[in-house]
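Asker: Please find the sequence and the predicted model below.
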Amino acid sequence: MNEHFRPASEALPGVPAAYAELIRSPERVSERLREALVTRARPDDPHYRPQTMSEAQLGTLRAALARIIPQDGRAPIDLAARIDTMMAEATGNGWRYEALPTDPEAYRIGVDTLEALARDRHARAFAELGPQEIDALLQAIAKGEAGIEASDRFSPKQMTLWFEELRSDAVRIFVAHPAVMARIGYSGIANGGPGGAAFAGFQQIGINEREAFEPHATAGETVR
């Protein structure tokens, strides 16, 4: 191991050793980016309490996200909690559709509409639906075929827009997690740091070319 690298196994649980080693490199990753990655890698609080929605709404959102981005493994990323935290801290992408209210309100109404649609169609709570029932409902929403015309609910058109925002937020948060970056072999974090090749970037940029410092993903493990 390069003497400039520091072990990151404790600070980066679930992140393969080679990728954690890259994150800890002062030669290749800036301090600010490293801090952000370490923060993203922290385990989610199993007793997380929502800040912008109710416990019931958070449960419905978790059930939807479990089908939007299915996760394998013993410690799935709590995307619902991270979305709720994002809204509470106002760290989202900073824009919204004109047809929708502000993000926290949109999530509350969107989730409540999901719940109402589940009870209308299946006489059960959304979280109690089977995978195929949830998938069918979400597909109908994506096609603009499911919604409720009421002042405290979203119409089919609004649900389609909200569902688009939900997927965008979820994918952005999921892919930004260091463990997921490692799985897909993303090495764009290594653009240089003040401790070494200060923002030198990549020299090997041809097809199938790799820098010596780049980890690459394999089946279940990230190696050099």
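Answerer: Sure, I can see it.
Asker: Would you mind checking which helix or strand in this structure has the lowest mean pLDDT?
Answerer: Here the helix or strand of the chain ranked lowest by mean pLDDT, DSSP states H and E is strand 222-223, holding a mean of 46.
Asker: For Asn93, give me the pLDDT.
Answerer: You'll see Asn93 listed with a pLDDT of 85.
Asker: just Gly73 next, same as before
Answerer: At Gly73, pLDDT is 72.
Asker: try the one 5 residues further on
Answerer: On the pLDDT scale, Asp78 is placed at 97.
Asker: Quick check: phi and psi on it?
Answerer: For Asp78, the backbone dihedrals (degrees, to the nearest 10) come out as phi -80, psi 80.
Asker: got a list of what it touches?
Answerer: Residues near Asp78 by C-beta atoms under 8 Å, 6 or more residues apart in numbering: 44-45, 48, 62. C-beta coordinates here come from the backbone N, C-alpha and C atoms, glycine included.
Asker: domains in the chain, as residue ranges please.
Answerer: Listed by automatic domain parsing, the domain ranges of the chain are 17-43+179-223, 55-176.
Asker: ok, of those domains, where does mean pLDDT dip lowest?
Answerer: Sorting the domains of the chain by mean pLDDT places domain 17-43+179-223 lowest, at a mean of 80.
Asker: Tell me how far that one lies from the chain's centre.
Answerer: 19 Å (C-alpha atoms, centre = their mean, to the nearest Å).
Asker: and Ser155, how many neighbours?
Answerer: For Ser155, the neighbour count with other C-beta atoms under 10 Å is 16.
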